[in-house]
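>>> next comes the sequence, and after it the predicted model I'd like to discuss.
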Amino acid sequence: MTNFEVYKKTLSFSFIGFLVDLLSLVIFFGLCVAGFFIFNKSTDMALLGLLIGALVSIPFLVLISIFISNRIKAAQISMMTYGVVDGKLPDNTFKAGFAEIKGRFGKITTFFLITHLIKSVFNQLSRAINRVGTAIGGDAGNAITSTIDTAIQILIGYLCDCCLGWVLYRKEVNGFKAGCEGAVIFFKHGKTLIRNIGRIFGMGALSLVVIGGAFFGITYLISNQFPQFFDTFAAEITEFVTRNNFENFPAALQDPKILILVFSGVIGVVIWGMIHSVLIRPFILVGVLRNFMAAGIADIPTEEQFAELEKLSPRFTKMRNKANA
């Protein structure tokens, strides 16, 4: 199967995930706006109401993320993995994907512990790479470190997903041991995998300009139809800043017109992120996953290589200990 064929066969997960993300967004903004208006009418402390609304939304968002969003993502990655490795997928990939993660992770706590450890190990390994820039020192060294860190953090997001795919693929071994193997693949074949950065940045930037720009414009036009809301919001900010003597607070954010621009920008970026994760990121991920799996299958990590990584990442040691428990 080509990358596009795998992408197309697993796209149903992305659309369901988008609907779940949209629900989360509606819950968050709905509770924020409700808190703003309720407190504005009853206590004249609208900003406090907005903050309370945001805090109330957090438990709902966490539950949705844990029990729905992440499972959809894991099911999609499992099907992508078998698509790039075996070259075929079942007709009903949605059903097969959830059956796969249910069989591999009987307990949801095991699944999240493995993914958490994978991310922490990869982040520690990336900090080891960043020492190159730090060793140079000065502004040049800081710039190099910042650039490397940004690039690696974006790539790590993809490689963590690839490592999860490896864990799902390696059915015959303990999930924690498979996670250790994935970390070795990342570190050992980093140069090969980093070649994907150009594609990741290029497609990400293009989608931001096109999708983010379009929704910025749409949100800006809609927001201008509700000037009273932004006038009230700006007045609340001004009152809050004056009452608390925040002299360095940006004056621009007390202007209703600027607030509309900021709000439109935030909404544009949020919606871009959601659409990017649905349509663009999965396509990139299939390509990165194919390279990751090919590197791992061609050279399955050994216990000796585990020992080498233990020197670089205490988190890796923790995951290895769980693998041997």
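Perfect, I can see it now.

>>> show the average pLDDT along stretch 241-261.
For stretch 241-261, mean pLDDT rounds to 82.

>>> oh, that last question was meant for stretch 289-307, not what I typed.
Mean predicted confidence for stretch 289-307 is 87.

>>> output that stretch as CSV, nothing but the C-alphas.
Extracted C-alpha coordinates of stretch 289-307, given in CSV (Å, rounded to 0.1, in the frame of the first residue of the first chain):
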residue,chain,number,x,y,z
LEU,A,289,6.0,5.8,10.4
ARG,A,290,7.1,3.9,7.4
ASN,A,291,10.7,5.0,7.8
PHE,A,292,10.6,4.3,11.5
MET,A,293,9.2,0.8,11.2
ALA,A,294,11.6,-0.1,8.3
ALA,A,295,14.6,1.0,10.5
GLY,A,296,13.3,-1.0,13.5
ILE,A,297,12.4,-4.2,11.6
ALA,A,298,15.8,-4.2,9.7
ASP,A,299,17.7,-3.8,13.0
ILE,A,300,15.7,-4.8,16.1
PRO,A,301,17.3,-3.2,19.2
THR,A,302,19.2,-5.4,21.6
GLU,A,303,19.7,-5.5,25.4
GLU,A,304,23.3,-4.1,24.9
GLN,A,305,21.8,-1.0,23.2
PHE,A,306,19.3,-0.6,26.1
ALA,A,307,22.3,-0.3,28.4
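
>>> how about residues contacting it?
3, 77, 80-81, 84-85, 159, 161-163, 165-166, 169, 180-182, 184-186, 188-189, 192-193, 195-196, 316, 320 (CB atoms under 8 Å, 6 or more residues apart in numbering). Glycine gets a C-beta too; all of them are placed from N, C-alpha and C.

>>> go through that stretch and flag the buried ones.
Neighbour-count burial for stretch 289-307 flags Leu289, Arg290, Asn291, Phe292, Met293, Ala295, Gly296, Pro301, Gln305, Phe306 (criterion: 16 or more other CB atoms under 10 Å).

>>> return the subset of those residues lying in helices.
Leu289, Arg290, Asn291, Phe292, Met293, Ala295, Gly296, Gln305, Phe306 (DSSP state H).

>>> tabulate those (TSV), appending distance to Ala34.
Listed next are those as TSV, based on distance: CB to CB, whole Å:
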residue	distance to Ala34
Leu289	41
Arg290	46
Asn291	47
Phe292	44
Met293	46
Ala295	50
Gly296	49
Gln305	54
Phe306	51
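
>>> just for this protein, where's the confidence low?
44, 103-113, 123-152, 190-197, 325 (pLDDT under 70).

>>> switch to 50 and redo it
Where the chain drops to pLDDT under 50, the residues are 132-133, 135-141.

>>> could you check how far Ala298 is from Thr232?
62 Å (CB to CB, to the nearest Å).

>>> could you do Phe98 as well?
46 Å.

>>> okay, those two: which has more neighbours?
Phe98 (18 against 15; other CB atoms under 10 Å).

>>> helices or strands next to the helix or strand harbouring the more buried one in the packing?
Using DSSP states H and E, Phe98 sits in helix 93-104. For helix 93-104, the elements it packs on are helix 11-42, helix 70-86, helix 138-169, judged by 3 or more CB pairs under 8 Å, 6 or more residues apart in numbering; DSSP states H and E.

>>> so for Tyr50, what's the nearest residue that isn't a sequence neighbour?
Heads up, residue 50 is Leu, not Tyr. Spatial nearest neighbour of Leu50, chain neighbours left out: Phe36 (4.3 Å); criterion: CB to CB, 6 or more residues apart in numbering.
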